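Engineer: just a sequence and a predicted model for now, questions to come.
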Amino acid sequence: DDGSVAFTILRWHRLTCPAFADGQCPHRARGFADIMPDGRHPTGPAGMWLCAQALAAVVAVVAQHQLASLGYEDWPTARSNPVTACLLEQEPAASDTPLEELTTRHFVCPP
């Protein structure tokens, strides 16, 4: 529907902590000794990596759904857009949780 509003949801808990269980995440995750030093906020190198991954995933979803006419019609090509490609070059994605598995897209339609 042209009048609908699209939302991209990022599963932050799975990006931050692939071993997430019972609301707890070990400090050591994704190759970082302390993924979130205060238990809630990403900072330092881990924070840079997490933010780059989140932005790369969301931009790829937007490219796939809003820029399909430019050739970004599937996940592999959407992931190759200049912004996502640059972010992932600077902060490579983890191989154990593909970014496309961390995002979902939902629509809200007006009454």
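Structural biologist: Sure thing, it's come through.
Engineer: isn't Val108 right next to Val5, touching?
Structural biologist: Yes - Val108 lies in contact with Val5 (Cβ atoms under 8 Å); the separation is 4.8 Å. Quick note: C-beta positions are derived from backbone N, CA and C, even for glycine.
Engineer: can you give me the helices in this structure?
Structural biologist: 12-16, 44-66, 75-78, 82-90 (DSSP state H).
Engineer: out of those helices, flag the one nearest Glu101.
Structural biologist: helix 12-16 (7.8 Å; Cβ to Cβ).
Engineer: quick one: buried residues of the closest one?
Structural biologist: The neighbour-count check on helix 12-16 (16 or more other Cβ atoms under 10 Å) flags 15-16 as buried.
Engineer: so which elements touch it?
Structural biologist: helix 44-66 (3 or more Cβ pairs under 8 Å, 6 or more residues apart in numbering; DSSP states H and E).
Engineer: send me the helix it packs on as CSV with only the CA atoms.
Structural biologist: Taking C-alpha atoms only, helix 44-66 is exported to CSV below (Å, rounded to 0.1, in the frame of the first residue of the first chain):
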residue,chain,number,x,y,z
GLY,A,44,35.2,2.1,22.4
PRO,A,45,36.2,-0.4,19.6
ALA,A,46,33.2,-2.6,20.4
GLY,A,47,30.8,0.4,20.1
MET,A,48,32.3,1.4,16.8
TRP,A,49,31.9,-2.1,15.5
LEU,A,50,28.3,-2.5,16.8
CYS,A,51,27.2,0.9,15.4
ALA,A,52,28.8,0.2,12.0
GLN,A,53,27.0,-3.2,11.8
ALA,A,54,23.6,-1.7,12.8
LEU,A,55,23.9,1.1,10.3
ALA,A,56,25.2,-1.2,7.5
ALA,A,57,22.2,-3.6,8.0
VAL,A,58,19.6,-0.8,8.1
VAL,A,59,21.0,1.0,5.0
ALA,A,60,21.1,-2.4,3.1
VAL,A,61,17.4,-3.0,3.9
VAL,A,62,16.5,0.5,2.8
ALA,A,63,18.5,0.0,-0.4
GLN,A,64,16.8,-3.3,-1.1
HIS,A,65,13.3,-2.0,-0.6
GLN,A,66,13.6,1.7,-1.8
